[in-house]
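A.B. asks: dropping a prediction and its sequence here:
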Amino acid sequence: MGAPRLRKVSSKKEFDTLVDDYITQGYEVLTSGENTSLLRKKEWGSAGGHLVVALLTVWWTIGIGNLVYALYSHYSAEQVMVKITETEVVPSK
């Protein structure tokens, strides 16, 4: 699993809107702070993937292969870090 994808926003309102959008798209909040939030896609593996694993392992593992595939898919799913960046105000001369 690689590092989470980083999405930067410039305001608290934009931050809240983006987090809500991700939750609507099927992400779950792993951690949430005042200026950051880590989200992960709710993923348990594709139907085709489960079918292939079942065809190859169900007779020997009694479905444990599918459980392992589902857990692997869930914990290695895409992660997104949403972060509020401080915008620097440059004083005018």
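C.D. replies: All right, it came through fine. None of these values were measured; they are calculated from a predicted model.
A.B. asks: against which helices or strands is the helix or strand where residue 80 lies packed?
C.D. replies: Residue 80 is part of strand 79-84, with elements assigned from DSSP states H and E. Where contact means 3 or more CB pairs under 8 Å, 6 or more residues apart in numbering; DSSP states H and E, strand 79-84 is packed against strand 5-9, helix 12-24, strand 36-41. (Each C-beta comes from the backbone N, C-alpha and C, glycine too.)
A.B. asks: now these as CSV including distance to residue 54 and mean pLDDT?
C.D. replies: Listed next are the helices and strands packed on strand 79-84 as CSV, based on distance: least, CB to CB, whole Å; pLDDT from 0 to 100:
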stretch, distance to residue 54, mean pLDDT
strand 5-9, 31, 93
helix 12-24, 31, 95
strand 36-41, 23, 95
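A.B. asks: CA atoms only for the lowest-mean-pLDDT helix or strand in the chain, dumped as PDB, please.
C.D. replies: Every helix and strand of the chain was ranked by mean pLDDT, DSSP states H and E. The lowest is helix 47-61, at a mean of 88. Taking Å, rounded to 0.1, in the frame of the first residue of the first chain, the C-alpha atoms of helix 47-61 are listed here in PDB:
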ATOM      1  CA  ALA A  47     -17.500  -9.900  -7.900                       C
ATOM      2  CA  GLY A  48     -15.200 -11.300 -10.600                       C
ATOM      3  CA  GLY A  49     -12.300 -11.400  -8.200                       C
ATOM      4  CA  HIS A  50     -14.300 -13.300  -5.700                       C
ATOM      5  CA  LEU A  51     -15.600 -15.700  -8.300                       C
ATOM      6  CA  VAL A  52     -12.000 -16.500  -9.500                       C
ATOM      7  CA  VAL A  53     -10.800 -17.000  -5.900                       C
ATOM      8  CA  ALA A  54     -13.800 -19.200  -5.100                       C
ATOM      9  CA  LEU A  55     -13.200 -21.300  -8.200                       C
ATOM     10  CA  LEU A  56      -9.600 -21.800  -7.400                       C
ATOM     11  CA  THR A  57      -9.700 -22.300  -3.600                       C
ATOM     12  CA  VAL A  58     -13.200 -23.000  -2.300                       C
ATOM     13  CA  TRP A  59     -12.800 -26.700  -2.200                       C
ATOM     14  CA  TRP A  60      -9.600 -26.600  -0.100                       C
ATOM     15  CA  THR A  61     -10.200 -23.500   2.100                       C
END
